[in-house]
Structure formats: C-alpha cells, structure tokens
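Novice: one predicted model, sequence on top.
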Amino acid sequence: MWAADDALASIHITANIPNKQFHVQPRNPDFGKDEYMYYNTVTYDLSSIRQTFDVKNTDGSVHAYLDGRSVLSNGSVLIPLRVLFNDVLLSEVPQEVVDDATSTPGTQVEMFIHASHWPIPRTPGLYTGNFTVIFDAVPRVTL
C-alpha cells in the first residue's frame, strides 16, 4: 500500500562485459541511440558523425556489412549516407575492416557516417534513418 507522500524511482541497469576473444563496441555507450546530423544552410551539407570503437578478435580478423539501407528519409526524399569503419566503405557485402594482426591484441578504430555533398539546397523536412552494422569474427586461416 502506498502513502500519499511516497516517492518512486524506477531504475533500469544494464551491464555489458565483452567477450575476451571477440568484441566490437563503441567507446560511448550511448552511441546509436539518438544521433543528429545538423544542416548547414550556407554549404547545404549535413554534419558528419564520428565514433571510436574498441575492436578485438583473438582468433582472426573482423569483417563488417550493412543490414538495411543507410539513408535518411522524410517519407518521399532519400539522402544516401556513406558509412565507413576503419576507412572501409561499408555495403551489404561483408568485407574485412580490421585485419588479423591488428585485431588480435585489440585496437581502436573510427566509424564515420556522412552524407555526400549536395550543391543545391535540400528538400525541407524531418529526415530519419535506421540501419544496422553487423560485425563478424572471421577465423584465422592457417595453411
């Protein structure tokens, strides 16, 4: 039974302890929840998004690919986004983003998301987008 002057505090706690053998995690645990690209009315460019990731695979390399289209949309107009991870342009096809020698001890790499330059004003509206980057632990190949 609650008294009229009781106070409640709802607390949600999450802890993610990465695997020692394989992990790909943003340094900022809030990355990807609500990111913003700001529009420059002089250059017609959208600001870019950068985030550092900790990457490790003690058993080989790390590959990545996009699941879903990397675009912003206002419902009728699309703005394609380029997603680079460790300077590798991501697509729907898995490709190596961190080699075996670099990923084995662990490293830090950057994710960079940007819209291509557009020389004329963009169509006004609220643009949103949602895509997923899948990271695969690729086993070391021994001959």
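Specialist: Nice, thanks for sending it over.
Novice: hey, where'd the helices end up in this structure?
Specialist: Taking DSSP state H as the criterion, the chain carries its helices at 100-103.
Novice: any low-confidence regions in it?
Specialist: Residues of the chain meeting the criterion pLDDT under 70: 1-4, 18-19.
Novice: strands of the protein, start to end?
Specialist: With DSSP state E as the definition, the chain shows strands at residue ranges 22-26, 49-57, 60-67, 71-73, 78-85, 88-89, 95-98, 107-115, 132-139.
Novice: ok, and the closest non-adjacent residue to Pro139?
Specialist: Gly60 (4.6 Å; CB to CB, 6 or more residues apart in numbering). For the C-beta atoms, the positions are set from N, CA and C on the backbone; glycine is no exception.
Novice: against Ala15, how distant is the nearest residue to Leu81 once chain neighbours are set aside?
Specialist: In space, Leu81 comes closest to Ser70 once its chain neighbours are excluded; the distance is 4.3 Å by CB to CB, 6+ apart. In this structure, Ser70 lies at 30 Å from Ala15, with CB to CB, to the nearest Å as the measure.
Novice: more neighbours: these two, which one.
Specialist: Ser70 (20 against 4; other CB atoms under 10 Å).
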